[in-house]
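Student: Here is a sequence together with a model predicted from it:
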Amino acid sequence: MLIKVKAKPRSKEEYVKKLGEDLYEVAVKEAPEKGRANTRIVELLSMYFGVKKDRIKLVAGETSKSKLFQVLGEKDQP
């Protein structure tokens, strides 16, 4: 499944919020430097979807706040 993510780096709190059918907002405390925010987004998405981190791939938007991720083998969404 492909999902669009609106990233919010340097947030005070971390969360994953579903905004639409395939659109999510993910807030992380990490700064968008050296891929740290992207790494944390993958960790939060893996917990949200109940899959291992290696099942989530960043497809597009490595340096953008608008990202596209592929989630492989996801379980039922919360």
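Tutor: Perfect, I can see it now.
Student: tell me which residues of stretch 18-36 are tucked away?
Tutor: Within stretch 18-36, the residues that qualify as buried by neighbour count (16 or more other CB atoms under 10 Å) are 24, 25, 26, 27, 28, 30, 32. Placement of C-beta: from N, CA and C, glycine included.
Student: Return the closest of those with respect to residue 17.
Tutor: Closest approach to residue 17 among these (CB to CB): residue 25, at 4.6 Å.
Student: Tell me the helix or strand right after the helix or strand that contains the closest one.
Tutor: Element membership of residue 25 [criterion: DSSP states H and E] is strand 23-27. For strand 23-27, the succeeding helix or strand toward the C-terminus, using DSSP H and E, is helix 36-49.
Student: What strands flank the very next helix or strand once past that next one, and is each parallel or antiparallel?
Tutor: Next helix or strand after helix 36-49 toward the C-terminus (DSSP H and E): strand 56-60. Strand 56-60 has the following strand partners under DSSP bridges: strand 66-71 (antiparallel).
Student: Send me the partner strand as PDB with only the CA atoms.
Tutor: In PDB, the C-alpha atoms belonging to strand 66-71 read as follows (Å, rounded to 0.1, in the frame of the first residue of the first chain):
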ATOM      1  CA  SER A  66       5.500  15.800   1.600                       C
ATOM      2  CA  LYS A  67       6.600  12.100   1.400                       C
ATOM      3  CA  LEU A  68       5.400   8.900  -0.200                       C
ATOM      4  CA  PHE A  69       5.900   5.600   1.600                       C
ATOM      5  CA  GLN A  70       5.200   2.100   0.700                       C
ATOM      6  CA  VAL A  71       4.000  -0.200   3.500                       C
END
